[in-house]
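Asks: Have a look; sequence and predicted model below, questions after that.
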Amino acid sequence: MCAAPLAVAQGGLPTSQPKLLTIVREEVKPGAGADHAKHEAGWPAAYEKAKSPDYYLALTSLTGPSEAWYLVARESNAAIAESMKREDKDAVLSAELERLSRRDAEFIHHATVWQARGRPDLSYGAFPDVGKARFFEVSLFTVRIGQEDKFDQLAKTYAAIRKRVAPDTSYRFYQVAAGRPGPVYIVFTSVDDFAKFDQTHADHMKTLGSATPEEKATLDQWGELVTKQETQRFRVDPIQSYVPKETRAQDPEFWQPK
């Protein structure tokens, strides 16, 4: 299970913030990126052959370590349980996934699985069209134990300022529930063009610079509350992703490259 993408939003890609997000994070061996991607294409092929309704999105790193992330959206743990039961009952699919998992060791040297719950109360803006996203910026914030309430208030203050100065932007907050030491928050921002990260950075700086004295006092607690932060950027990999036929039909040049 660690090496293979789990199933994603049943019936299609999510159109609103999922209540649960599973992240399968694989650390790819140096120089093995192309071979790893080619091998990972076996999972979408296996799921498609089995007519599985369980879709997922694959990201490959543009910054930081060489990694592949697989994003798994679900509405409940019961939905995850149903997906596992469905795969267990399909002997052909289970055998193929097991074969793919064994060979994955040739291309990766470590894999972890996190589960996070959506925090729509901390998120801002309209949920994006996931099928049109091409790049992601992912930020992880480790918060001091027992300081979650203060961090939540800080995030809500930031969102209130962002709403004033950049109302058309959006980002999604999640909080890790299992899989790594916490408390850890994850923030996803997606764009359809890498150049738009210039604007997201400008919006962030404008937000910080537009705080009232009271809001600034809240934001200034950042250094006391956050012990570690990390930001990385990723490209959506159409070959490693398993998305509905309707999504592929919207942009076949991207989702079905020659």
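Replies: The structure has been received and is ready for your questions.

Asks: Please, where are all the helices along this protein?
Replies: 33-40, 42-49, 77-89, 91-104, 148-165, 197-209, 213-219, 222-225, 245-250, 252-255 (DSSP state H).

Asks: I'd say residue 87 and residue 94 touch.
Replies: Yes - when contacts are counted by Cβ atoms under 8 Å, residue 87 is listed as touching residue 94 (5.9 Å). All C-beta spots, glycine's among them, are computed from the backbone N, C-alpha and C.

Asks: Tell me which of these two has more neighbours.
Replies: Using other Cβ atoms under 10 Å, the more surrounded residue of residue 87 and residue 94 is residue 87, with 19 against 14.

Asks: The more buried one and residue 204: what is the separation?
Replies: Computed as Cβ to Cβ, to the nearest Å, the residue 87 to residue 204 distance reads 41 Å.

Asks: With residue 39 instead?
Replies: Residue 39 is 37 Å from residue 204, by Cβ to Cβ.

Asks: and what of residue 224?
Replies: Residue 224 is 20 Å from residue 204, where distance means Cβ to Cβ.

Asks: swap in residue 142?
Replies: 19 Å.

Asks: now do residue 171
Replies: For residue 171, the distance to residue 204 - Cβ to Cβ - is 10 Å.

Asks: These two: who's more crowded?
Replies: A count of neighbours by other Cβ under 10 Å puts residue 171 above the other of residue 171 and residue 204, at 21 against 17.

Asks: hmm, who's touching stretch 181-199?
Replies: Stretch 181-199 has contacts (Cβ atoms under 8 Å, 6 or more residues apart in numbering) with 23, 116, 119, 122, 128, 130, 132-145, 147-148, 151, 155, 170-176, 200, 233.

Asks: From these, which land in strands?
Replies: 23, 116, 135-143, 172-176, 233 (DSSP state E).

Asks: Pretty sure residue 164 sits against residue 210.
Replies: Yes - the pair residue 164 / residue 210 is scored as a contact, 6.6 Å apart, by Cβ under 8 Å.

Asks: Which residue is the nearest non-sequential neighbour of residue 66?
Replies: residue 28 (4.5 Å; Cβ to Cβ, 6 or more residues apart in numbering).

Asks: what stretches of the chain score poorly on pLDDT?
Replies: 1-11 (pLDDT under 70).

Asks: Tell me if I'm right that residue 15 and residue 128 touch.
Replies: No - Residue 15 is beyond contact range of residue 128, at 9.7 Å (criterion: Cβ under 8 Å).

Asks: more neighbours, the two?
Replies: The neighbour comparison of residue 15 against residue 128 (other Cβ under 10 Å) goes to residue 128, with 18 against 12.

Asks: ok, that one - contacts?
Replies: If a contact means Cβ under 8 Å, 6+ apart, then residue 128 has 170, 190 as its contacts.
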